[in-house]
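> Coordinates only, no sequence provided:
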């Protein structure tokens with residue numbers, strides 16, 4: 001995951017974040033004060049080695065099951081399918 005300085009402040013991609021169609025689901029899941037904390041870019045080049053299965057975020061507490069505190073939203077910029085190794089979710 002690569003952080004792109006100024007990505008969130010730029011016009012365009014994040015200019016209409018408050019009207020994003022998935023925002024009501026995020027607010028319902030995380031509460032009305034949910035906000036964007038991180039925006040990054042994941043770049044995979046042709047013939048890249050596959051990543052090992054992993055969690056995209058650590059648990060707050062390893063012994064307690066707590067309510068959701070974060071959501072990851074993926075927006076592919078190319079068609080993802082078997083031929084190019086699309087992201088898998090478990």
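On my side now, so go ahead. Small disclaimer: the values here were computed from a predicted structure and weren't measured.

> Could you give the average pLDDT over stretch 45-62?
Averaging pLDDT along stretch 45-62 gives 79.

> start to end distance for it?
Terminal residues of stretch 45-62 are spaced 34 Å apart (Cα to Cα, to the nearest Å).

> Quick check: most distant residue from the centroid of this protein.
Distance to the chain centre peaks in the chain at residue 63, reaching 24.9 Å (criterion: Cα atoms, centre = their mean).

> Give the phi and psi angles for that one, as a check.
Torsion angles at residue 63 (phi, psi; degrees, to the nearest 10) stand at phi -100, psi -20.

> And for residue 41?
Dihedral angles (degrees, to the nearest 10) for residue 41: phi -120, psi 130.

> Which strand residues bridge it?
residue 2 (DSSP bridges).

> That one and residue 74, how far apart?
From residue 41 over to residue 74 the distance is 11 Å, taken as Cβ to Cβ, to the nearest Å. Just so you know, the C-beta spots here come from the backbone N, C-alpha and C atoms, and that holds for glycine as well.

> Am I right that residue 73 is in contact with residue 22?
Yes. Residue 73 lies in contact with residue 22 (Cβ atoms under 8 Å); the separation is 6.5 Å.

> Would you check that residue 78 makes contact with residue 87?
No. Counting by Cβ under 8 Å, residue 78 does not reach residue 87; the two are 11.5 Å apart.

> how about residue 26, secondary structure?
With DSSP: H, G, I helix; E, B strand; the rest coil as the basis, residue 26 sits in helix.

> Can you report how many residues neighbour the closest residue to it other than its chain neighbours?
In space, and not counting its chain neighbours, residue 26 is closest to residue 34: 5.3 Å by Cβ to Cβ, 6 or more residues apart in numbering. The tally of other residues near residue 34 (other Cβ atoms under 10 Å) stands at 16.
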